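1. sharing a model that was predicted from the sequence below.
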Amino acid sequence: MSLLQVNQVSKRFGGLTANENVSFSVGTGQIVGLIGPNGAGKTTLFNCVAGFFAPSAGTITLGGRSIAGLPPEACARAGVGRTFQIARTFGSMTACENVMTAAMLSQRHVGRARERAMDWLAFVNLDRFADKPAASMTISEQRRLAVARALAIQPKILLMDEVMAGLNPSEVREAVDVVLRIREYGIACLIVEHVLEGIMPIADKIVVLDRGSKIAEGTPAEVSNDPHVIAAYLGDA
Ligand SMILES: Nc1ncnc2c1ncn2[C@@H]1O[C@H](COP(=O)(O)OP(=O)(O)OP(=O)(O)O)[C@@H](O)[C@H]1O
């Protein structure tokens with residue numbers, strides 16, 4: 001059975017349909033890329049899965065349990081972690097404190113939450129920043145800090161929104177390396193990404209949205225050669 005099942009999900013804002021009848025699944029420990037031109041509805045779909053929006057129609061299940069319409073904190077407790085397009089770190093708090101805010105959702109003992117936070121900081125290669133304020137870190141480091149914070153809620157699936165945007169090639173490699181280690185850890189990743197050279201080589205599957213609808217799904221090689229996908233991207237140019 002798949003871990004995440006998105007089934008016929010639509011999301012409307014007044015007269016605007018941001019997602020229309022979108023269905024796909026993510027298996028345990030799979031890396032799935034969600035791509036598409038600007039305004040295709042990727043972030044809206046993320047927000048539906050993470051509980052920031054209730055879908056207008058359709059069902060979403062995680063491990064067989066319905067999560068559609070639950071508030072964000074309940075989705076997080078059910079096992080959905082997420083990062084945002086703009087890393088929302090707490091600038092004046094240290095890197096360790098940032099991760100502790102999430103670790104304490106499931107671990108009320110401060111010392112043990114700190115230990116868990118330190119483990120996740122090491123996982124994303126940021127342990128040297130533990131006592132430094134998040135605001136002193138580069139954008140790339142703050143993105144990885146946001147990933148560590150999302151991991152600290154012990155998700156079954158991590159939703160990552162453009163963690164590679166604006167990074168230089170060596171920072172992209174570092175971000176890719178973190179994603180691969182998350183998969184090794186058994187956590188699934190659903191990744192919205194415009195940096196296709198970051199996501200294409202590592203994704204088990206790619207789902208392509210255009211104007212709210214799914215236009216293709218398959219291996220990176222399959223979708224790269226799909227005429228609908230090529231047309232959608234050329235139309236965006
Ligand atoms: N809260 C909202 N209220 C009204 N319309 C919205 C809202 N959020 C998104 N939309 C609209 O839904 C459509 C899809 O937007 P969305 O941000 O999901 O696309 P996207 O694929 O993530 O785009 P991008 O790649 O540019 O981030 C757009 O037309 C957008 O203006």
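-> Yep, that arrived. No experiment lies behind these values; they were computed from the predicted model shown.

2. distance of the residue located most distally from the centre of the chain from the ligand?
-> Centroid-distance maximum for the chain: Gly111 at 28.1 Å, with CA atoms, centre = their mean. Per CB to the nearest ligand atom, to the nearest Å, Gly111 is found 40 Å from the ligand. Just so you know, the C-beta spots here come from the backbone N, C-alpha and C atoms, and that holds for glycine as well.

3. cool, and Asn168?
-> Relative to the ligand, Asn168 is positioned 21 Å away (CB to the nearest ligand atom).

4. would you mark the buried spots in the worst-scoring helix or strand of the chain on mean pLDDT?
-> None of the helices or strands of the chain scores lower by mean pLDDT, DSSP states H and E than helix 227-236, at a mean of 82. Of all the residues in helix 227-236, those buried under the rule 16 or more other CB atoms under 10 Å are Val229, Ala232, Tyr233.

5. export those residues to TSV and tack on distance to the ligand?
-> Formatted as TSV, those follow (distance: CB to the nearest ligand atom, whole Å):
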residue	distance to the ligand
Val229	14
Ala232	11
Tyr233	12
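
6. quick one: name the residues of the protein near the ligand.
-> Counting by CB under 6 Å from any ligand atom, the residues of the chain close to the ligand are Phe13, Leu16, Ala18, Gly36, Asn38, Gly39, Ala40, Gly41, Lys42, Thr43, Thr44.

7. the fifth one in helix, strand or coil?
-> Put plainly, it is Asn38. Counting by DSSP: H, G, I helix; E, B strand; the rest coil, the backbone at Asn38 sits in coil.

8. and it, how far is that from Leu209?
-> Distance, Asn38 to Leu209, by CB to CB, to the nearest Å: 11 Å.

9. which other helices and strands contact the least confident helix or strand of the chain?
-> strand 205-210, strand 213-218 (3 or more CB pairs under 8 Å, 6 or more residues apart in numbering; DSSP states H and E).

10. tally up the residues packed near Gly63, please.
-> For Gly63, the tally of surrounding residues (other CB atoms under 10 Å) stands at 15.

11. that one against Ser25, yeah?
-> No. In this structure, Gly63 is not within contact of Ser25 by CB atoms under 8 Å, at 11.9 Å.

12. avg pLDDT for the longest helix seen in the chain?
-> Secondary structure of the chain per DSSP state H: the longest helix is helix 169-184. Helix 169-184 carries an average pLDDT of 92.

13. show me the strands in the chain, by range?
-> Ranges of strands in the chain, per DSSP state E, are 4-13, 16-26, 31-35, 57-62, 65-66, 80-82, 157-161, 188-192, 205-210, 213-218.

14. hmm, who's touching the second one?
-> Translated: strand 16-26. For strand 16-26, the surrounding residues in contact (CB atoms under 8 Å, 6 or more residues apart in numbering) are 2-12, 32, 41, 44-45, 48, 55, 58, 157, 188, 190, 205, 207, 209, 212-214, 217.

15. and Gly111, how close does it get to Cys96?
-> Relative to Cys96, and taking CB to CB, Gly111 is found at 12 Å.

16. show me the shaky parts of the chain.
-> Low-confidence segments of the chain (pLDDT under 70): 1, 85-87, 235-237.
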